[in-house]
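In: Requesting a structural model of the entry that follows:
(one chain, ligands or ions: 1)
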Amino acid sequence: MKFKDLRIIPPILKALEDKGYDEPTSIQAQAIPHILEGRDVLGCAQTGTGKTAAFAIPIIQHIHEAPYANEPWAKIRSLIVTPTRELAIQIGENIDEYAKNTNVSHTVIFGGVKQGAQVAQLKKGVHILVATPGRLLDLIDQGHISLKAIDLFVLDEADRMLDMGFINDIKKLLKILPKKRQSLFFSATMPDNILQLSKEILDNPQKVEVTPVSSTAETIQQYIYYTNKSSKKSLLIHILEKEGMDQVLLFSRTKHGADRIVRDLKKKHIKAAAIHGDKAQNQRQRVLSDFKDNKLRVLVATDIAARGIDIDKLKYVINFDIPDTPETYIHRIGRSGRAGEEGTAISLCEPEENADVKAIEKLANKNITVISDHPFPQTDKPMTAQEKKEFNKEKQRRKQEFFANRKKNRGGAGRR
Ligand code: AMP
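Out: Have a look, this model is predicted:
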């Protein structure tokens, strides 16, 4: 199948050709015709499947062909809401490329930065607005955005949106959006609460689906190293040195953990940087572009920050820790082996995480290949339930002691 078989107009076809896209991905082939027909769509697809283009291309085409396309003053005709700044920026970059031969305009707004430049962009008038929920509602409240002319609404990464606590923002938004509109709803997973939400948004939707979350991409080789908690850093460095990997996306469960890993790698002269919620927006963008430009070998990310990062042809993903939920594992490793490329996912497992690996294997319905020939094998035993209880109690006690001491040292003045 070719893009032109999907009735895509020449200016967009040319842009796709320039991008080097030979043929539509499955989600694109399935979704684009329905969207062009004006149908609502319920899309079950994760990042890496080409879903951004699946909604961006028909939106650009729809606006380009509309009678208002060349009016001097552009109104917002399409709103794309997505959970993270990185994702918003990437959707914006994609639209930039696909719409380059049209007069379709767009802008991107997100929180964590001053609003001035974003408001100035909006004042010029745009056809497509890509937004994160908080900043969107903020600028609507301030009267900088009107949604009255919207005829196409996209809710992207709905499951992550709910995980991040945006449900009330979405409900508020639904009250403001025009009732007569086309809506597209994308989510990597479809649990009951997501389906319920989709019913509030969509009207008689066409369902399109690729790689359900329980199936890991066939092109990703998965390996696991069992080790002790205290050996993980040495093992990581051993793997990076031995396997000669070029660029690696490495996942850490916590922000502090991510910073620690970066410090340890730098000590070994491995170029690394972290991307997580405590980093300023411009810092994150710099790190991301350094990684894309090959100036960094290891990008250490937390799950939320990594969501939606778009890096072409990423070969290696390392899980420095095993995620608590198997779905998160599937999302993480889905960052390698994109768009038909081969990928490798390596996980480091300490005794306390052995059970999490079992849960992942159960969900994926396959065993992960164990690498046992390495210098840091797992010799410790997982804690018994009783030991775990005591360990957590002790951790809690130390935490309370730490905060009590801090308060005492600050003369009871609390946080400064
Ligand atoms: P997404 O799922 O939207 O994050 O896209 C994943 C990656 O696939 C991005 O790097 C896109 O640029 C790329 N991509 C999207 N559509 C195609 C296509 N038809 N052919 C090749 N690459 C594509």
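
In: where's the closest residue to Ile322 other than its chain neighbours relative to Asn367, distance?
Out: Take Ile322 and drop its neighbours on the chain: the residue closest to it by CB to CB, 6 or more residues apart in numbering is Glu353, 3.9 Å away. From N, CA and C alone the C-beta is placed, and that goes for glycine too. Glu353 is 16 Å from Asn367, where distance means CB to CB, to the nearest Å.

In: And for Arg335?
Out: Noted for Arg335: a distance of 21 Å to Asn367, by CB to CB.

In: Which of those two has more residues huddled nearby?
Out: Arg335 (25 against 12; other CB atoms under 10 Å).

In: three-state assignment of that one?
Out: coil (DSSP: H, G, I helix; E, B strand; the rest coil).

In: now Leu184
Out: Per three-state DSSP, Leu184 ends up strand.

In: Run through the strands of the stretch 1-150 of the chain in chain order.
Out: Listed in chain order, the strands of the stretch 1-150 of the chain (DSSP state E, counting those that start in this stretch) span residues 41-44, 78-81, 106-109, 128-131.

In: I'd like to know which of these lies nearest to Pro382.
Out: strand 41-44 (34.9 Å; CB to CB).

In: so Arg297 sits right up against Lys268, yeah?
Out: No. The criterion here is CB atoms under 8 Å, and Arg297 misses it with Lys268 at 10.9 Å.

In: Looking at the two, which is more packed in?
Out: Counted by other CB under 10 Å, Arg297 and Lys268 do not tie: Arg297 has more neighbours, with 16 against 12.

In: who touches the more buried one in this structure?
Out: Remark: with contacts taken as CB atoms under 8 Å, 6 or more residues apart in numbering, Arg297 is in contact with 240, 245-248, 270-272.

In: 10 Å instead, please
Out: 240, 245-248, 265, 270-273, 291 (CB atoms under 10 Å, 6 or more residues apart in numbering).

In: And for Ala15?
Out: Contact analysis of Ala15 by CB under 10 Å, 6+ apart lists 8, 21, 57, 60, 96-102.

In: of those residues, buried ones?
Out: If you count burial by 16 or more other CB atoms under 10 Å, the buried members of the contacts of Ala15 come out as 8, 21, 57, 60, 98-99, 101-102.

In: burial of Leu265, as a residue count?
Out: Neighbours around Leu265, by other CB under 10 Å: 23.

In: Determine the three-state secondary structure at it.
Out: Put simply, Leu265 is helix when judged by three-state DSSP.

In: Which one (most neighbours) among the contacts of Arg297?
Out: Val248 (26 neighbours).

In: which residues in the stretch 151-300 of the chain form helices?
Out: In the stretch 151-300 of the chain, the segments counted as helices under DSSP state H, counting those that start in this stretch are 158-163, 167-176, 192-201, 232-243, 255-267, 281-292.

In: quick one on the thing from earlier: just give me the closest of the buried ones among the contacts of Ala15 to Ala359.
Out: Out of these, the member with the shortest distance to Ala359 (by CB to CB) is Tyr21, at 36.3 Å.

In: contacting residues for the residue nearest to that closest one when sequence neighbours are not counted?
Out: Leaving out its chain neighbours, the residue that sits closest to Tyr21 by CB to CB, 6+ apart is Phe3, at 7.2 Å. Phe3 makes contacts with 12-13, 16-17, 21-24, 28-29, 32, 53, 57, as judged by CB under 10 Å, 6+ apart.

In: 7 Å instead, please
Out: By CB atoms under 7 Å, 6 or more residues apart in numbering, the contact set of Phe3 is 13, 16, 24.

In: for Arg335, same thing?
Out: Arg335 is in contact with 48, 249, 306, 314, 317, counting by CB under 7 Å, 6+ apart.

In: The longest helix along the chain packs against which elements?
Out: Of all the segments of type helix in the chain, defined by DSSP state H, the longest one is helix 385-409. Under the contact criterion of 3 or more CB pairs under 7 Å, 6 or more residues apart in numbering; DSSP states H and E, helix 385-409 touches no helix or strand at all.

In: Tell me the residues of the stretch 51-200 of the chain that contact the ligand?
Out: Proximity of the stretch 51-200 of the chain to the ligand, by CB under 6 Å from any ligand atom, involves residues 51-53.

In: which one of these is nearest Glu86?
Out: Thr52 (12.4 Å).

In: Can you report how many residues lie near that closest one?
Out: For Thr52, the count of nearby residues is 26 (other CB under 10 Å).

In: in terms of contact, does it touch Ile95 like I think?
Out: No. Applying CB atoms under 7 Å, one finds Thr52 not in contact with Ile95, separated by 8.6 Å.

In: Name the nearest residue to Lys268, ignoring sequence neighbours.
Out: Ile237 (5.4 Å).

In: domains of this protein?
Out: As assigned by automatic domain parsing, the chain contains the domains 3-209, 220-381.

In: Let's have those domains in a markdown table, adding distance to Glu390 and mean pLDDT.
Out: Below are these laid out as a markdown table (distance: least, CB to CB, whole Å; pLDDT from 0 to 100):
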| stretch | distance to Glu390 | mean pLDDT |
| --- | --- | --- |
| domain 3-209 | 31 | 94 |
| domain 220-381 | 14 | 88 |
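
In: near the ligand, from the contacts of Arg335?
Out: Among those, the ones lying near the ligand by CB under 6 Å from any ligand atom are Gly48.

In: which residues does Ala131 form a beta bridge with?
Out: Applying DSSP bridges to Ala131 gives these bridge partners: Val81, Ile109.

In: What is the burial count for Leu139?
Out: 18.

In: Quick check: it vs Pro133, distance?
Out: Leu139 is 11 Å from Pro133, by CB to CB.

In: for Asp96, same thing?
Out: Distance of Asp96 to Pro133, computed by CB to CB: 22 Å.

In: try Ala99
Out: With distances taken as CB to CB, Ala99 is found 24 Å from Pro133.

In: and if you look at Gly20?
Out: With CB to CB as the criterion, Gly20 and Pro133 are 33 Å apart.

In: More neighbours: which of these two?
Out: Ranked by neighbour count (other CB under 10 Å), Gly20 and Pro133 place Pro133 first, with 23 against 6.
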